[in-house]
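J.: Here is a sequence with its predicted model. Questions after.
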Amino acid sequence: MSNFRIAAVQMNSQEDKDKNLATAERLIDEAARMGANMVGLPEMFNIIGVPNYMENGVEEIPGRTSEMLARKAKEHGMYIHGGSIPEYVAEENKVGNTTLVYAPDGALIAKYRKIHLFDIDVKNQVSIKESDVFVRGGEIVNFETEYGNMGLTICYDIRFPELYRALTLNGAKVIFHPSAFTLYTGKDHWETLIRARAIENQVYMVSPAQFGSHGNGRRCFGSTMIVDPWGTVLARAPERECVVVADVDTEAHEKVRAQLPCLQHRRPDVYQK
């Protein structure tokens, strides 16, 4: 793993896929101008808030959005983490909340479907049942780059530390966490959860986010963040569409793991489910 620059994009995607994709392309270009070797997009960056994803947004892979990501990765010679998009899952006739990762040559090198679905009903606040629309993923996904091993998660996954520990034990030094985190929970839990996952696993956390209101009345918290293995917030987005960047420091990362070797002190022999 060598030092490199990573970017995280913050968006306010809506129902207009054309506009969302144009915005994503522009922000990817901006990340490239900022010297990023890798850029991450938010959850459902290409469309969000539609009444029915099966009729108004779902795509097969390869498809329009995936082809754009591959083209931009090759154009800039950079890794692109495609946040997530609604993918048609034919075998279940449902939608997958799916992350795609492209290498600098435009090749697809990783694909992950969100494992934990957000089903919640808070009286007078928020009511969401993702399982009515989305199919649960069933695979933990790490991928390799010349900068090291990395892991994939999406939004609500952040509340399940077992997933992050598994990614870490599989070699991850950087974990992506694209989100459309609700305002109601985000104001109290967003930063705490991200920093906790970074600290306990001694990894970099990259959390590109949606912000603001969307067509379905949902409001997202924003506050896109990049956090280092000590839990320090290296970059945080203001409440607007933008790109933030941070440099991954290999030496500092290894120093944290050497000085506080908690991963070596695990006792799986005594842990119970």
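T.: Thanks, I have it.
J.: How about exporting whatever helix or strand Asp29 lives in as PDB, limited to the C-alpha atoms?
T.: Using DSSP states H and E, Asp29 sits within helix 17-33. Provided in PDB are the C-alpha atoms of helix 17-33 (Å, rounded to 0.1, in the frame of the first residue of the first chain):
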ATOM      1  CA  LYS A  17     -31.400  10.500 -14.200                       C
ATOM      2  CA  ASP A  18     -30.000  12.600 -17.100                       C
ATOM      3  CA  LYS A  19     -29.300  15.400 -14.700                       C
ATOM      4  CA  ASN A  20     -27.900  13.200 -12.000                       C
ATOM      5  CA  LEU A  21     -25.400  11.500 -14.400                       C
ATOM      6  CA  ALA A  22     -24.300  14.800 -15.800                       C
ATOM      7  CA  THR A  23     -23.600  16.000 -12.200                       C
ATOM      8  CA  ALA A  24     -21.700  12.900 -11.300                       C
ATOM      9  CA  GLU A  25     -19.500  13.200 -14.400                       C
ATOM     10  CA  ARG A  26     -18.800  16.800 -13.600                       C
ATOM     11  CA  LEU A  27     -17.800  16.000 -10.000                       C
ATOM     12  CA  ILE A  28     -15.700  13.000 -11.100                       C
ATOM     13  CA  ASP A  29     -13.900  15.400 -13.400                       C
ATOM     14  CA  GLU A  30     -13.400  17.800 -10.500                       C
ATOM     15  CA  ALA A  31     -12.000  15.000  -8.300                       C
ATOM     16  CA  ALA A  32      -9.500  14.300 -11.100                       C
ATOM     17  CA  ARG A  33      -8.500  17.900 -11.300                       C
END
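J.: Now it: buried residues?
T.: For helix 17-33, a neighbour-count test (16 or more other Cβ atoms under 10 Å) marks 17, 20-21, 23-24, 27-28, 30-32 as buried. C-beta coordinates here come from the backbone N, C-alpha and C atoms, glycine included.
J.: Output the residues you listed in TSV; the columns should cover pLDDT and distance to Gly49.
T.: Formatted as TSV, these follow (pLDDT from 0 to 100; distance: Cβ to Cβ, whole Å):
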residue	pLDDT	distance to Gly49
Lys17	95	11
Asn20	97	10
Leu21	98	15
Thr23	98	15
Ala24	98	16
Leu27	98	19
Ile28	98	22
Glu30	98	24
Ala31	98	24
Ala32	98	28
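J.: thinking again about what came up before, what packs against the helix holding Asp29?
T.: Packed against helix 17-33 by the contact rule (3 or more Cβ pairs under 8 Å, 6 or more residues apart in numbering; DSSP states H and E) you find strand 4-10, strand 38-40, helix 64-76, strand 242-248.
J.: please redo it, this time with the cut-off set to 10 Å
T.: strand 4-10, strand 38-40, helix 64-76, strand 79-81, strand 242-248 (3 or more Cβ pairs under 10 Å, 6 or more residues apart in numbering; DSSP states H and E).
J.: what's across from the nearest residue to Leu234 once chain neighbours are set aside in the sheet?
T.: In this structure, Leu234 finds its nearest non-sequential neighbour in Ala246, 3.8 Å apart by Cβ to Cβ, 6 or more residues apart in numbering. Note on Ala246: beta-bridge partners Ile6, judged by DSSP bridges.
J.: Of all residues in this protein, which one is nearest the centre?
T.: Pro178 (2.3 Å; Cα atoms, centre = their mean).
J.: who touches it in this structure?
T.: Listed by Cβ atoms under 10 Å, 6 or more residues apart in numbering, the contact set of Pro178 reads 8-9, 40-45, 81-84, 97, 99, 114, 152-155, 157, 206-210, 224.
J.: Tell me which entries of those residues lie within strands.
T.: Judged by DSSP state E, strands contain the following of these: 8-9, 40, 81, 97, 99, 152, 206-207.
J.: give me the low-pLDDT residue ranges for this protein?
T.: 1, 122-126, 216, 273 (pLDDT under 70).
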